[in-house]
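Visitor: from the sequence below, what's the structure:
(one chain, ligands or ions: 3)
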Amino acid sequence: MYPEFEQGDAASCPIHVIEQDKAEEWIASHPKAQADWLRNSGFTGKLGESCLLPDPDGSISAVAVGFGQAPARKRGRFHLAGLASSLPEGVYHLEADEMEAQAKSEFALGWLLGQYRFDRYKASATPKARLKAPAGVDADRLTKIAAGECLTRDLINTPTSDMGPDTLAGVIHGLGKEFGAEVTEVLGDELLSQNFPLIHTVGRASTTPPRLLDMRWGKAGPALTLVGKGVCFDTGGLNLKPGASMGLMKKDMGGAATVLGLARMIMSLGLPLRLRVLIPAVENSVAGNAFRPGDVLTSRKGQTIEINNTDAEGRLVLADALAFADEEPADLILSMATLTGAARVAVGPDLAPFYTDDDSAAGKLAEAAAKVADPVWRMPFHDPYEQMIEPAIADLDNAPAGGFAGSITAALFLRRFVDTAPYMHFDIYGWQPAAAPARPKGGVGQGARAVLEALPKLLSI
Ligand code: BES
Ligand code: MN
Ligand code: ZN
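Guide: Numbering: from 1, shown residues only. Ligands and ions are numbered 1, 2, ... in the order given. So this is what the prediction gives:
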C-alpha cells in the first residue's frame, strides 16, 4: 500500500506552521500556561523544530512546527516532512492560512513521502500519524505522485535476490495490467534473432536471462518514450568492481525504477499522451561466457563498439534500447540511468544531472524542478569531446581512457543512438545516502517529478 491522506471527518489535531520571525507574537497569543510551555520547551520557530501543546486533560491540543526563515529554507526541501514520522499516531490537519499554495503542496507531498518505509522484510510496521489533505492542494494528484515515487523506492530497495531481470519484468507486466498498457518482452536468445546484440552480450553471463521490456499506453497525443537502465546488479563483469563499489549495485536499475515511477504517475493521472517505456533488464555478471575487455561488438544500429571496460555496461544496453526507440517517431525520448560514478563526483547525490540540446526544454525543466522541489542541473552535450569516445579500431569506445568528463562522454555515447527524436538524458544516483526530510535512507527517485511537472510545456499538452 502506498501512503494516502486521511479520508472522512474524524476529529483531528491542528498543525500550526510558524515562521521564525513571527514565533514570539504567535506564542504570546496563547493563554499563559501554553505560552510558558512553548517558551520552556525552547520553541522558537526554527526550521523543522516542533512542539506538542497539551490540553488541560492531557490530550494533545495542537502541534507547532517551525518554518524558520527564507534563507535557511533554501538549504533543503520538504523541511516539515519529519513530522509524518515523529508525531504520535493520530489524525492531523494543517492550519496555515498564510502559507502559499506551493508550500502547502510541498508540505502535503512531503508528508506522504515521509511516511514511506521499506518494510517488506520487517516483521511489523510502525504506527503512523495521518494527515487530512490541506484545503487547496490537489490531493488526488499528490497521492498519485507519491505512489509513483514509492514504487521507484521499493524497486530500488528490493535486493537483486528478489528483483532480478525476471522480477523486474513481472513488475512491468503488473503495471500493464493495472493501467491497461500493452507489454511485450524480448527474452534471452530472442534478443539475438531480433537484433538486440548489446543487451544480450551484457546480460548473457547471468543465470537469469537478459530481456527487453516494451510497454505502451495511451491512444492519442504526443509520443513520449522513456528508456531506463535496468541493470539489476552490476558486478562490473570481468572488470570486477572492488567490494566497496559493488555493495550498492542492486540500485543499478535505478533508471528503470525511476522511469517506471514516472510512467505510473503519467498513467494514473491519465495524461493525454502516447507513452512508451523501454527497459533493458539484465544482470552484469561474471561467468565463462561473459563479454571481455577488448571485444568488439556490433550494435543494433550498426556501429561497432570496442569494449575497454566491461563495467561501462549501462551505455551498451541503453544503446540498443535507444536505437529501437528512435526507429519510430517520437516527440521526446528521455533516458534515465545510474550511468556513471563521474556524475556523482560532479554534482553529488542530491542533484539529478540532465542533458539536452534544446535550451528551451532545459529552461522548462529547470523551472518545473524548482517548483516541485526535485532539483536538476543541466550538463553539456559538449561536441568537442566526441573524439574521446572514438577509439582506434572501432566506431565507438565504451570507456574512454583517463575518465575525464565521464558523465559527459557517457551521455555523448548514448546520443549517438538517437538521430531523429528530441533527446533528453538523466545520469541519476537513485540513492539517498543519509535520511533527509521525505527521503529515508535508501532508494529514491530523481527527476521524475520535475519531468512530470514540465511535461505540459515540453509536449504542449
Ligand atoms: N553503475 C555504474 C555507475 C555507478 C557507480 C553509478 C556508482 C552510481 C554509483 C556503471 O555501470 C559504471 O560502473 N560506470 C563506470 C564507467 C567507467 C568504467 C567508464 C564508472 O562510472 O566508473
Ligand atoms: Mn558498471
Ligand atoms: Zn552499471
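Visitor: list the buried residues of stretch 172-188.
Guide: By 16 or more other Cβ atoms under 10 Å, the buried positions in stretch 172-188 come out as Ile172, His173, Leu175, Gly176, Phe179, Ala181, Val183, Glu185, Val186, Leu187. In this view, the C-beta of every residue, glycine as well, is placed from N, C-alpha and C.
Visitor: same question, stretch 450-459
Guide: Of the residues in stretch 450-459, Ala450, Val451, Leu452, Glu453, Ala454, Leu455, Leu458, Leu459 count as buried by neighbour count, 16+ other Cβ under 10 Å.
Visitor: hmm, Glu149 and Gly445 touching each other?
Guide: Yes - contact between Gly445 and Glu149 holds when scored by Cβ atoms under 8 Å: they sit 4.9 Å apart.
Visitor: what does this structure have sitting close to ligand 1?
Guide: For the chain, the contact set with ligand 1 under Cβ under 6 Å from any ligand atom comprises 234, 252, 309, 311-314, 338-342, 344, 399, 406, 429.
Visitor: ok, back up a step: let's have the buried residues of stretch 450-459 in JSON lines, adding secondary structure and pLDDT.
Guide: As requested, the buried residues of stretch 450-459 are arranged in JSON lines below (DSSP: H, G, I helix; E, B strand; the rest coil; pLDDT from 0 to 100):
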{"residue": "Ala450", "secondary structure": "helix", "pLDDT": "99"}
{"residue": "Val451", "secondary structure": "helix", "pLDDT": "99"}
{"residue": "Leu452", "secondary structure": "helix", "pLDDT": "99"}
{"residue": "Glu453", "secondary structure": "helix", "pLDDT": "98"}
{"residue": "Ala454", "secondary structure": "helix", "pLDDT": "98"}
{"residue": "Leu455", "secondary structure": "helix", "pLDDT": "98"}
{"residue": "Leu458", "secondary structure": "helix", "pLDDT": "98"}
{"residue": "Leu459", "secondary structure": "helix", "pLDDT": "98"}
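Visitor: quick one on the thing from earlier: which residues are common contacts for Gly445 and Glu149?
Guide: Listed as contacting both Gly445 and Glu149 by Cβ atoms under 8 Å, 6 or more residues apart in numbering are Gly261.
Visitor: the residues of the chain next to ligand 1 also near ligand 2: which ones?
Guide: Applying Cβ under 5 Å from the ion to these, one finds that Asp234, Asp311, Glu313 fall near ligand 2.
Visitor: let's verify the closest residue to the second one other than its chain neighbours: helix, strand, or coil?
Guide: To tie it back to what came earlier, the one meant is Asp311. Once flanking residues are discounted, Asp311 sits nearest to Gly236: 3.9 Å by Cβ to Cβ, 6 or more residues apart in numbering. Using DSSP: H, G, I helix; E, B strand; the rest coil, the structure places Gly236 in coil.
Visitor: one more: Leu275?
Guide: Classification of Leu275 using three-state DSSP returns strand.
Visitor: and the closest residue to it other than its chain neighbours, what does it touch?
Guide: In space, and not counting its chain neighbours, Leu275 is closest to Trp217: 4.6 Å by Cβ to Cβ, 6+ apart. Trp217 makes contact with Gly176, Phe179, Gly180, Ala181, Glu182, Ala263, Ile266, Met267, Arg274, Leu275, Arg276, according to Cβ under 8 Å, 6+ apart.
Visitor: host element of the residue nearest the centre of the chain?
Guide: The residue lying closest to the centre of the chain (Cα atoms, centre = their mean) is Gly445, at 1.7 Å. For Gly445, there is no helix or strand it lies in under DSSP states H and E.
Visitor: and it, what does it touch?
Guide: By Cβ under 8 Å, 6+ apart, Gly445 lies in contact with Gly148, Glu149, Thr152, Arg153, Ala257, Thr258, Gly261, Leu262, Gly430.
Visitor: how about CSV for the buried residues of stretch 450-459, with distance to ligand 3 added?
Guide: Below are the buried residues of stretch 450-459 laid out as CSV (distance: Cβ to the ion, whole Å):
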residue, distance to ligand 3
Ala450, 23
Val451, 22
Leu452, 25
Glu453, 28
Ala454, 27
Leu455, 27
Leu458, 27
Leu459, 29
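Visitor: could you single out the nearest of those to Val227?
Guide: For these, the minimum distance to Val227 (Cβ to Cβ) is 12.9 Å, reached by Val451.
Visitor: my read: that closest one touches Lys364, true?
Guide: No - assessed by Cβ under 8 Å, Val451 is found out of contact with Lys364, at 10.1 Å.
Visitor: got any residues that touch both of those two?
Guide: The overlap between the contact sets of Val451 and Lys364 (Cβ under 8 Å, 6+ apart) consists of Leu458.
Visitor: now the residue nearest to Asp311: phi and psi?
Guide: Per-residue torsions, Gly236: phi 100, psi -20 (degrees, to the nearest 10).
Visitor: please enumerate the helices of the stretch 251-400 of the chain.
Guide: For the stretch 251-400 of the chain, applying DSSP state H, counting those that start in this stretch gives helices covering 254-269, 314-325, 341-347, 359-371.
Visitor: what separates the last one from the chain centre, distance-wise?
Guide: Which is helix 359-371. When C-alpha coordinates are averaged (Cα atoms, centre = their mean, to the nearest Å), helix 359-371 and its chain have centres 17 Å apart.
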